[in-house]
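Undergrad: with the sequence up front, the predicted model follows.
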Amino acid sequence: MQIAILGAGALGCAIGGTLAEDGHAVVLVNRNRAHVAAINGRGLLMRSAAGDRAVPVAAATDAAGLGVMDLVIVLVKSFDTRGAMAAASHLVGPDSVVLSLQNGLGHEEILAEIVGRERVLAGKTYVGGVLLAPGEVQAGVAGKETLIGELDGSDSARARRIAEAFNRAGLATTVSPNIVGTMWDKLLVNVATGALSAITRLAYGDLYRSAHLEATALAAVEEAIAVARAQGIALASTDARAAWTKASAGLPGDFKTSMLQSLERGSVTEIDFINGAVVLHGARLGIPTPVNATLVACIKGIESALPARATRKEESMASPATRSFVEHVAIRVRDIQWHIRFFREVLGQELREVDGSPDDPRQYWTLGGMQLMATPDFQAPPSNDAGWLAHLGIMVDDLEAVLRTAGSWAVQPLPQGRNWLQLPDGLAVELIQAAPGSLDRYDAVAARAVA
């Protein structure tokens, strides 16, 4: 099959690398340039109990340029689902299947809004992975189950076909007629260890040696089981200890949960879609969930203490790998001669003419990128009758990627061209393709924290 993995971090590489080893044409999509370069340069280094090997597999920083896929596996962080799929919607053709293997609840509804419910399969996997270095992953595949299924619970040839391909590759996969229950089964496993591991910063070896942490994990899972029962969801097991045991099955003592890995990278976690989902559903049903609520509060507290740059969502793949800077700001003025004199004589600003004769200029630029536009008949609102912001010029290093992502936002095209967008508040944004490498000098500029 032609397979794209959206969000090829630790887990995505473990799954994608396994499928590539079996001969599938896999593309690992991840925004991290160093990670992608390492994979393309030497192959994906997969380390596991079965041995270490370099797997030849393609990688890309975004989905631009990729063709229609047979299967798109979505493994981006939960909060990035909408942006990631919108940016990669061109990968989905009439016969394509989009499969979510993400942690937590609610992803399938988001995917269905973008590509159509008829193309979406749900799934959960117990495969594990730890990203050791760019292009290097510790993969926990052996003995780890993956379940997939149609959203309506029906039996389908496409689900069976994908399961057969996964099984041949060594990914133990079953088609579930109760995929909603399956998603809750996996949620119980995530509830058991994810937040506790992240809060304590303990890998599985130390986590599972603490009786106090085990008791807390079992209490959190019991709350989730009660919430699922109240919704009539059929679970594979209602034994909290089974979820606790399953979470560590087949994984080494130094294995770290994805939530812990996120915090170690200085990134926000998926807590809202895991323990937070239990709290949310419990509140709607009137079922107390104090243990899960406490775990959520602790993770939120840790996240709030992260460095300002790190509180942004981690670079899994959600948006195109683009950067930008303000290239110019255009201001409408009725009396351009007055403004020219003011900027020169009062502010000592250098200006240059760009349009019109010296006696009758239509546009002047100040040093620093402010564009004065003569508009004698322009009527600005009374509160700002001296001028009006016409448009903001933004230079980007990947114009096409930005335009694809912008399509899922509430923006409107403008007649000036496809690179002109009008934002909901009326501001016009002109997107300008930067020359290769021209944005590199801006990387050293430190951004001020935003409260």
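TA: Received it, and whenever you're ready, just let me know what you need. Numbers count the residues shown, from 1 in each chain.
Undergrad: in stretch 183-201, what counts as buried?
TA: If you call a residue buried by 16 or more other Cβ atoms under 10 Å, then stretch 183-201 has these buried ones: 183-199. Yep, even glycine has a C-beta here, placed from its N, CA and C like the rest.
Undergrad: check stretch 233-242 too.
TA: Result for stretch 233-242 [16+ other Cβ under 10 Å]: buried residues 233, 235-236, 240, 242.
Undergrad: my guess is A112 meets L121, correct?
TA: No: using Cβ atoms under 8 Å, A112 is not in contact with L121, being 10.7 Å away.
Undergrad: residues shared between the contacts of the two?
TA: Residues touching both A112 and L121 by Cβ atoms under 8 Å, 6 or more residues apart in numbering: L151.
Undergrad: could you list which of the buried residues of stretch 233-242 belong to strands?
TA: Assignment to strands by DSSP state E places none of those there.
Undergrad: next up, the contacts around the closest residue to K256 other than its chain neighbours.
TA: Closest residue to K256 apart from its sequence neighbours, by Cβ to Cβ, 6 or more residues apart in numbering: A203 at 5.0 Å. The neighbours of A203, taking Cβ under 8 Å, 6+ apart as the test, are 197, 253-256, 260.
Undergrad: R161: which of the buried residues of stretch 233-242 is nearest?
TA: A236 (23.9 Å; Cβ to Cβ).
Undergrad: so what's the backbone phi/psi at that closest one?
TA: phi -70, psi -30 (degrees, to the nearest 10).
Undergrad: how about the closest residue in space to it that isn't next to it in sequence, what does it touch?
TA: Nearest residue to A236 in three dimensions, chain neighbours excluded: D185, at 4.9 Å (Cβ to Cβ, 6+ apart). Neighbour list for D185: 124, 235-237, 243 [criterion: Cβ under 8 Å, 6+ apart].
Undergrad: quick check: domain ranges of the protein?
TA: Domain segmentation of the chain under automatic domain parsing yields 2-311, 324-442.
Undergrad: ranking those by mean pLDDT, which is last?
TA: Mean pLDDT values for those show the minimum at domain 324-442, a mean of 71.
Undergrad: please enumerate the helices of the stretch 201-350 of the chain.
TA: Assigned by DSSP state H, counting those that start in this stretch, the stretch 201-350 of the chain shows helices spanning 204-207, 211-230, 240-248, 258-264, 275-285, 290-304, 336-341.
Undergrad: relative to N178, which of those is closest?
TA: Ranking the helices of the stretch 201-350 of the chain by proximity to N178 (Cβ to Cβ) places helix 211-230 first, at 11.9 Å.
Undergrad: so which residues make contact with that closest one?
TA: 184, 187-188, 191-193, 195-196, 200, 202, 207-208, 235, 238, 240-241, 243-244, 275, 278, 281-282, 285, 287-292, 295.
Undergrad: buried sites along that helix?
TA: 213-214, 216-218, 220-228.
Undergrad: could you point out the longest helix of this structure?
TA: Longest helix in the chain, counting residues (DSSP state H): helix 179-200.
Undergrad: next one: that one to chain centre, how far?
TA: Offset of helix 179-200 from its chain centre (Cα atoms, centre = their mean, to the nearest Å): 20 Å.
Undergrad: quick check: angle from that helix to helix 290-304?
TA: 60 degrees (axes from the mean of the first three to the mean of the last three Cα atoms, to 10 degrees).
Undergrad: and the angle for helix 179-200 with helix 240-248?
TA: Computed by the same axes, to 10 degrees, the angle separating helix 179-200 from helix 240-248 equals 70 degrees.
Undergrad: and the angle for helix 179-200 with helix 211-230?
TA: Put simply, helix 179-200 runs at 150 degrees to helix 211-230, going by the same axes, to 10 degrees.
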